[in-house]
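Q: A structural model of the following input is requested.
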Amino acid sequence: MAIAQSLAPSSSSAARAARPKSRRAALSHVVAGTGESARRLVAAFDPAIPLASAVTPPSGWYTDPEFLQLELDSVFLRGWQAVGHIGQVKNPNDFFTGRLGNVEFVICRDANGELHAFHNVCRHHASLLACGSGQKTCFQCPYHGWTYGLDGILLKATRISGIKNFNKNDFGLIPIKVATWGPFVLARFDDSSQNTVNDVVGDEWLGSASDLLSRSGIDTTSLPHICRREYIIECNWKVFCDNYLDGGYHVPYAHGALASGLQLQSYETSIFERVSVQKCESALAEQEDIDRLGTKATYAFVYPNFMINRYGPWMDTNLALPLDATRCKVVFDYFLDESLLNIMAYHNKLLWTCGRKTDDQSFIDRSLKDSEQVQIEDIALCEGVQRGLESPAYGVGRYAPSVEMAMHHFHCLLHDNLSG
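A: Okay, the predicted model is just below:
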């Protein structure tokens, strides 16, 4: 199995000593405090009913703040979660930050090249340590100057003369388990598997779909990052995922330009443990479009909120992050095959030598413009659905059994996590 993966335990002895014993207890407290209304909403969906007879989850799954709190604890803070790409921590001292629910985190690569992840919170008075991304040789708290190494060790605690019962080795940054699979950076926010360095990350994250995704060219690291786009969408995060998982159902009605380039009758869906994969043949007539989009598109959904799209020399990913019960942020990252970039660079050099201009950049710009158009169309759909979900006229819906099996699978996985 050709999987490019690595695993970093991201914990020094100081960081291990500093990890609070109450983290799991805190999570349990959140679950215990979750309202009964959320539990009733979970029970209102029955995954045992066959797809052809099933109704969709009730609208409260998409509107209730207590339901979102249950999701954050039972879904997002357990198991591997995609949080970024390796281009963000390519070099020693690189770092980037993120937030998932109320968890602030920082991913970094230390001077020795080891990958780490920590809660992005100073152990003194809880200030955030870092923001954005870039390079640092250490993390210095902007509030009172406490300073930490990129391995999480507390290097300096300012103005603490006279303090008693204090051992700085007990106050390192709280570690988070971190790993990579292909070009993706993954994190685990539960502490149940800290230091299990022999985990096979691809199998844990993707299950039996990892082989298929590897063969589809998704696990390769030879896909340099081109750019990132972020969208704030006025809809629950699951609305965006549902839209992705309808088996191309909405494409001919909402994406005219995209539909003209696809053989929608060729759409096929494969279901795995925590992954669903949709594939569709292209219907492109122009060689230029074939070169840009390929002859077959693969759309992989990795539960709970990560989408990977592979077509021609391109790969893009969509990460749907809940902001509140009725808003989400979707992060799009675009990657382009390194071999094509090398050819383009060589082509540019030849044209420059001959005094001619190149249109290679227009190739990239045109592809991104086409993608942007699809996103604009999808945003309008998702925001319209959210408004409908909040209407008193809607309670539950139905599935189209021939195309919406991946959506149903997604809802069943959620029900399983939320019922645990």
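Q: what about the helices in the stretch 301-420 of the chain?
A: 338-353, 360-389, 405-419 (DSSP state H, counting those that start in this stretch).
Q: which of those helices sits closest to Ile174?
A: helix 405-419 (23.9 Å; C-beta to C-beta). Placement of C-beta: from N, CA and C, glycine included.
Q: circling back to that earlier point, could the helices of the stretch 301-420 of the chain go into TSV alongside mean pLDDT, distance to Asn165 and mean neighbour count?
A: Formatted as TSV, those follow (pLDDT from 0 to 100; distance: least, C-beta to C-beta, whole Å; neighbours: other C-beta atoms under 10 Å):
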stretch	mean pLDDT	distance to Asn165	mean neighbour count
helix 338-353	54	54	13
helix 360-389	91	52	16
helix 405-419	98	41	20
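Q: which one of those lies nearest to Glu268?
A: It is, among the helices of the stretch 301-420 of the chain and with distance given as C-beta to C-beta, helix 405-419, at 10.5 Å.
Q: dump the closest one to PDB, keeping only the CA atoms.
A: Output of helix 405-419 as PDB, limited to C-alpha atoms (Å, rounded to 0.1, in the frame of the first residue of the first chain):
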ATOM      1  CA  MET A 405     -26.700   6.800  -0.200                       C
ATOM      2  CA  ALA A 406     -23.600   8.600   0.800                       C
ATOM      3  CA  MET A 407     -25.700  11.300   2.500                       C
ATOM      4  CA  HIS A 408     -27.600   8.600   4.400                       C
ATOM      5  CA  HIS A 409     -24.300   6.900   5.400                       C
ATOM      6  CA  PHE A 410     -23.100  10.300   6.800                       C
ATOM      7  CA  HIS A 411     -26.200  10.700   8.900                       C
ATOM      8  CA  CYS A 412     -25.900   7.100  10.200                       C
ATOM      9  CA  LEU A 413     -22.300   7.700  11.300                       C
ATOM     10  CA  LEU A 414     -23.400  10.900  13.100                       C
ATOM     11  CA  HIS A 415     -26.200   9.000  14.900                       C
ATOM     12  CA  ASP A 416     -23.700   6.300  16.000                       C
ATOM     13  CA  ASN A 417     -21.300   8.900  17.400                       C
ATOM     14  CA  LEU A 418     -24.000  11.000  19.000                       C
ATOM     15  CA  SER A 419     -25.700   8.000  20.600                       C
END
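Q: that one - contacts with which helices or strands?
A: helix 36-43, helix 65-71, helix 237-244, strand 262-271, strand 275-282 (3 or more C-beta pairs under 8 Å, 6 or more residues apart in numbering; DSSP states H and E).
Q: ok, which of those comes nearest Asp203?
A: If we rank the helices and strands packed on helix 405-419 by C-beta to C-beta, the stretch that ends up nearest is strand 275-282, at 11.5 Å.
Q: tell me what angle that closest one forms with helix 237-244.
A: Counting by axes from the mean of the first three to the mean of the last three C-alpha atoms, to 10 degrees, strand 275-282 points 40 degrees away from the direction of helix 237-244.
Q: quick one: the helices in the stretch 1-150 of the chain, in order.
A: Counting by DSSP H, counting those that start in this stretch, the helices of the stretch 1-150 of the chain are 13-18, 23-33, 36-43, 65-71.
Q: could I get the full set of strands for the stretch 201-350 of the chain?
A: 225-233, 262-271, 275-282, 296-302, 306-311, 314-324, 327-336 (DSSP state E, counting those that start in this stretch).
Q: give me the pLDDT value at the residue nearest to Leu150 when sequence neighbours are not counted.
A: Excluding the flanking residues, the one nearest Leu150 by C-beta to C-beta, 6 or more residues apart in numbering is Asp110, at 3.9 Å. Predicted confidence (pLDDT) for Asp110: 98.
Q: quick check: phi and psi on the residue lying farthest from the centre of the chain?
A: Within the chain, Gly162 marks the point farthest from the mean C-alpha position, 45.5 Å out by C-alpha atoms, centre = their mean. Taking degrees, to the nearest 10, you get phi 90, psi -10 for the backbone angles of Gly162.
Q: got a list of what it touches?
A: For Gly162, no contacting residues are found, by C-beta atoms under 8 Å, 6 or more residues apart in numbering.
Q: and for Phe240?
A: Per C-beta under 8 Å, 6+ apart, neighbours of Phe240: Ile233, Asn318, Ala320, Cys328, Val330, Asp378, Cys382.
Q: okay, and the beta partners of the fourth one?
A: Going back to what we said before, that points to Cys328. Ile233, Pro322 (DSSP bridges).
Q: quick check: Phe171 touching Arg123?
A: Yes. With contact defined as C-beta atoms under 8 Å, Phe171 counts as touching Arg123 (4.4 Å).
Q: which stretches of the stretch 1-150 of the chain aren't confidently modelled?
A: 1-34 (pLDDT under 70).
Q: can you give me the strands for it?
A: So, for the stretch 1-150 of the chain - with DSSP E, counting those that start in this stretch - the strands run 5-8, 80-85, 94-100, 103-109, 115-119, 133-135, 138-140, 147-149.
Q: reformat those as a markdown table; add distance to Ala400 and mean neighbour count.
A: Converted to a markdown table, those look like this (distance: least, C-beta to C-beta, whole Å; neighbours: other C-beta atoms under 10 Å):
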| stretch | distance to Ala400 | mean neighbour count |
| --- | --- | --- |
| strand 5-8 | 36 | 17 |
| strand 80-85 | 28 | 24 |
| strand 94-100 | 32 | 19 |
| strand 103-109 | 36 | 23 |
| strand 115-119 | 40 | 25 |
| strand 133-135 | 41 | 13 |
| strand 138-140 | 50 | 18 |
| strand 147-149 | 52 | 21 |
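Q: and of those, who's closest to Asn167?
A: Of the strands of the stretch 1-150 of the chain, nearest to Asn167 by C-beta to C-beta is strand 147-149, at 15.2 Å.
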